[in-house]
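Asker: okay, here's the prediction I keep looking at, along with the sequence it came from:
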Amino acid sequence: MESAMHVFLSYCFAGQVWRLISIWSGISIFDPFSWSTADSIESWWTDRIVAANQTLSKFVSRGANSFFLLSLWSIWKERNNRIFKAKSSPAAGVVMVIRSEAALWR
């Protein structure tokens, strides 16, 4: 059964997207290898906010939180493209879309 945890966190493709975001941004809290095990998407999100607040400046932390939301949305859209439109992009392509969208937020 598909769950939010699977789609956004444990699915191999999502892990690739998060890893590439971490490499591109240079911010380790995006790296799935740095995440503790969460039992719900809510607890995962809370852990990310706490990690951002503890490791990043207030300004960067706010940006990171917005970037997490944009990334979740982009992974969701890619999932829907694969299921409903039979179209797929590689993880690097999704990250390029995320980067383009994030640039519009500046």
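Answerer: Perfect, I can see it now.
Asker: for the longest helix along the chain, packing partners?
Answerer: Assignment by DSSP state H gives helix 58-84 as the longest helix of the chain. Secondary-structure packing of helix 58-84 (3 or more Cβ pairs under 8 Å, 6 or more residues apart in numbering; DSSP states H and E): helix 12-25, helix 41-55, helix 91-104. Quick note: C-beta positions are derived from backbone N, CA and C, even for glycine.
Asker: got TSV for those helices, with mean neighbour count, distance to residue 75 and mean pLDDT too?
Answerer: Shown next, in TSV, are the helices and strands packed on helix 58-84 (neighbours: other Cβ atoms under 10 Å; distance: least, Cβ to Cβ, whole Å; pLDDT from 0 to 100):
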stretch	mean neighbour count	distance to residue 75	mean pLDDT
helix 12-25	18	5	95
helix 41-55	15	12	90
helix 91-104	15	7	96
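Asker: want to throw those helices into TSV with distance to residue 3?
Answerer: Below are those laid out as TSV (distance: least, Cβ to Cβ, whole Å):
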stretch	distance to residue 3
helix 12-25	12
helix 41-55	8
helix 91-104	20
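Asker: and the ones you listed: which comes nearest residue 62?
Answerer: Between residue 62 and these, the tightest spacing by Cβ to Cβ is seen for helix 41-55, at 8.4 Å.
Asker: chain center to the closest one, what's the gap?
Answerer: Distance of helix 41-55 from its chain centroid, counting by Cα atoms, centre = their mean, to the nearest Å, is 12 Å.
Asker: now the angle from it to helix 58-84?
Answerer: Calculated by axes from the mean of the first three to the mean of the last three Cα atoms, to 10 degrees, helix 41-55 forms an angle of 150 degrees with helix 58-84.
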